[in-house]
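Undergrad: here's my sequence, what's the structure:
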Amino acid sequence: MRFAEHSGAWEVRGLAGLEEAAELLRPEDDIVLALPVDLVLAQRLRLPTTDPGEFADMVRIQIEKAMPYSTEEMTTDSEIISQTEEGSIISAVAVHNEKLFQLASPLISRGLIPSQVTVYAGARAATHAARETALLIYPENEAIVCVITEEGKVSFTGTLESAEPWQLQRDLPQLALSAELQGINTSSPQILLDESLFALRDTVEGIFATSAELIAVEVPPSETRLNLLPASWRHRREQLVRQKEWRKRLLVAGCAYAGLLLLFFAYLLILRFQIGRLDKKIKNDTPRTEFVKATEARWKALAPAIDPHYYPIEVILHLFDSLPSQDVRITVFNQSARQISVDGEANSAALAYQFADKVKKNPDLQTFQFELGAPRILPNDHAQFRLEGKPR
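TA: A predicted model of the protein is given here:
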């Protein structure tokens with residue numbers, strides 16, 4: 001058999017059988033299984049209808065008449081050769097499922113489900129004689145196959161036991177006559193002879209009085225509509241396709257999840273790098289920071305001695321400047337390094353509060369934060385108060 005594989009470019013190999021081919025294939029490959037003519041029944045049918053909806057039933061009836069099997073045991077398909085107002089001429093092909101399973105068992109056992117099962121003769125006809133009547137002669141297995149096609153569809157098949165010239169001279173005219181009896185015009189067909197049968201070229205040309213064209217393996221082969229894929233295979237392939245899609249989706253989801261995890265870990269690494277860099281900067285700046293803190297503490301400690309805002313005489317002067325009237329009197333003044341206290345007496349509590357408010361607003365006393373306690377009312381309605389101030 002010949003094996004064609006698509007991997008960017010077509011490659012044609014000669015293999016011993018499907019067992020060897022199965023070892024080179026993968027389940028995800030798009031596999032087309034082309035059957036030999038001795039495994040199928042091909043008939044040219046003339047149907048008195050042009051309604052495509054009626055083809056299937058009429059083809060099934062004709063196939064049932066010609067095949068010794070029930071329709072449940074076969075897979076059939078058909079292609080339209082021509083249509084006129086009087087009716088349709090179709091190419092009907094059938095295969096016995098059990099024989100097909102036996103042939104394809106090396107593939108099926110490995111989970112290699114073809115996407116299409118066709119006839120090799122049909123693929124060769126579609127490649128070399130898609131628009132005319134042709135006679136294809138080529139070796140298949142251990143026999144010589146003679147196939148007559150119309151418009152690239154298989155109409156008539158026959159086999160020769162040997163490739164002897166005398167046998168071709170005896171059997172080819174009979175094959176052509178049998179095809180004529182089925183309504184196929186074989187008066188001047190296109191002769192397509194496999195290049196491996198070059199020795200028979202003169203004999204074939206002498207029989208049909210026309211030149212024979214040598215053909216090789218198609219690279220790539222032409223596609224055909226004919227598909228003899230059994231329903232069970234079709235169902236199994238759909239399952240495999242769905243499983244493949246789910247695996248692909250799970251793979252995409254897994255990759256996306258892994259990508260998110262990778263981004264998250266990368267983010268964590270960046271954060272750790274930034275934290276480490278900041279820690280390093282903090283460590284490098286620690287001596288200067290400590291120096292600034294120590295200097296600030298020393299300045300705060302020295303502030304009462306060197307800052308005029310802390311001089312007692314200056315503070316007392318600003319306090320007296322803040323008295324609202326002579327009805328408010330300062331009786332006691334105390335100042336330490338961290339606190340000021342002012343005791344006094346006012347003719348009323350309102351004057352005490354007025355004095356505290358003016359002290360808080362005095363711009364020269366903003367170094368301190370003052371708080372006034374609740375005044376104590378004396379028997380003569382005067383108010384004693386204590387105003388305390390702490391450095392800001």
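Undergrad: contact partners for Arg272?
TA: Arg272 is in contact with no residue at all, counting by C-beta atoms under 8 Å, 6 or more residues apart in numbering. No exception for glycine: its C-beta is placed from N, CA and C like everyone else's.
Undergrad: check which helix or strand covers it.
TA: helix 231-306 (DSSP states H and E).
Undergrad: that helix - what's its average pLDDT?
TA: Mean pLDDT, computed over helix 231-306, is 86.
Undergrad: which of the helices or strands spans the residue nearest to Ser341 when sequence neighbours are not counted?
TA: Leaving aside its sequence neighbours, Ser341 sits nearest to Asn334 (C-beta to C-beta, 6 or more residues apart in numbering; 4.6 Å). Assigned by DSSP H and E, Asn334 belongs to strand 328-335.
Undergrad: endpoint to endpoint, stretch 33-49 covers what distance?
TA: This stretch, stretch 33-49, spans 31 Å end to end (C-alpha to C-alpha, to the nearest Å).
Undergrad: list the buried residues in it.
TA: Judged by neighbour count (16 or more other C-beta atoms under 10 Å), stretch 33-49 contains these buried residues: 33-37, 39-45, 47.
Undergrad: how about stretch 199-218?
TA: Buried-residue list, stretch 199-218, by 16+ other C-beta under 10 Å: 200-201, 203-204, 207-208, 212, 215, 217-218.
Undergrad: any chance of these in TSV, with pLDDT, secondary structure and distance to Leu181 too?
TA: Converted to TSV, the buried residues of stretch 199-218 look like this (pLDDT from 0 to 100; DSSP: H, G, I helix; E, B strand; the rest coil; distance: C-beta to C-beta, whole Å):
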residue	pLDDT	secondary structure	distance to Leu181
Leu200	90	helix	25
Arg201	91	helix	27
Thr203	90	helix	24
Val204	89	helix	21
Ile207	87	helix	18
Phe208	86	helix	18
Ala212	90	strand	24
Ile215	89	strand	27
Val217	76	coil	32
Glu218	69	coil	31
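Undergrad: and the next element down the chain from the least confident helix or strand in the chain by mean pLDDT?
TA: None of the helices or strands of the chain scores lower by mean pLDDT, DSSP states H and E than strand 2-6, at a mean of 47. Using DSSP H and E, the helix or strand that follows strand 2-6 in sequence is strand 10-14.
Undergrad: now Ala129: closest residue in space that isn't a chain neighbour?
TA: Per C-beta to C-beta, 6+ apart, closest to Ala129 is Gln190, 5.3 Å.
Undergrad: so the one you found touches Thr133, yeah?
TA: Yes: at 6.9 Å, Gln190 counts as touching Thr133 under the criterion of C-beta atoms under 8 Å.
Undergrad: and the strands in the stretch 1-150 of the chain?
TA: Assigned by DSSP state E, counting those that start in this stretch, the strands in the stretch 1-150 of the chain fall at 2-6, 10-14, 32-35, 40-47, 74-84, 87-96, 116-119, 133-140, 143-150.
Undergrad: quickly run through the sheet partners of the second one, with directions.
TA: As defined by DSSP bridges, the strand partners of strand 10-14 come to strand 2-6 (antiparallel).
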